[in-house]
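Peer 1: build me a model from this:
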Amino acid sequence: MSRKKNFTPFANEADVLEIGDLMLENRLDRITISGDLDLTADKAGLEAARRLHAQLGAVVAALEARELPDRLPPPDVQQVDNPFV
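Peer 2: The predicted model follows:
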C-alpha cells in the first residue's frame, strides 16, 4: 500500500490517499473511502476541503472519461481457511 498526496483514480490496487483521518483507497474498478474528516472553519479545514474537493473532482473526471456499465457487478470475494487454526 502506497500512501501518496495524490493518486490517479482507478490506476492500480495499491495507492492510498490520506486527508486527515479519511482514506481514499485506489482500486481498478472503485475508490473506497473510509474514516472521517472534520472540515473545521479555519485555514486547516479549508486546506483539507480543497484537497478533498480536488481528489473527488479527479475521480469524477476519470469516471466521465470512461464507458461505464449501468451497474458494476459486486467484487468476487473468496473465503479461505484460516491457516492459524
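
Peer 1: what residue ranges in the protein score low on pLDDT?
Peer 2: Confidence mapping of the chain against pLDDT under 70 gives the ranges 1-6.

Peer 1: the helices in it, which residues?
Peer 2: 43-64 (DSSP state H).

Peer 1: so which residue is smack in the middle of it?
Peer 2: Centrality entry for the chain: nearest residue to the mean C-alpha point is residue 24, 2.7 Å, by CA atoms, centre = their mean.

Peer 1: hmm, that one is touching residue 55, no?
Peer 2: Yes: counting by CB atoms under 8 Å, residue 55 is a contact partner of residue 24 at 6.2 Å. All C-beta spots, glycine's among them, are computed from the backbone N, C-alpha and C.

Peer 1: list residues touching both of these two?
Peer 2: Residues touching both residue 24 and residue 55 by CB atoms under 8 Å, 6 or more residues apart in numbering: residue 17.

Peer 1: how near is the residue nearest to residue 25 when sequence neighbours are not counted to residue 54?
Peer 2: Once flanking residues are discounted, residue 25 sits nearest to residue 32: 4.2 Å by CB to CB, 6 or more residues apart in numbering. Noted for residue 32: a distance of 18 Å to residue 54, by CB to CB, to the nearest Å.

Peer 1: one more: residue 9?
Peer 2: 12 Å.

Peer 1: for residue 34, name its beta-bridge partners.
Peer 2: Counting by DSSP bridges, residue 34 is bridged to residue 23.
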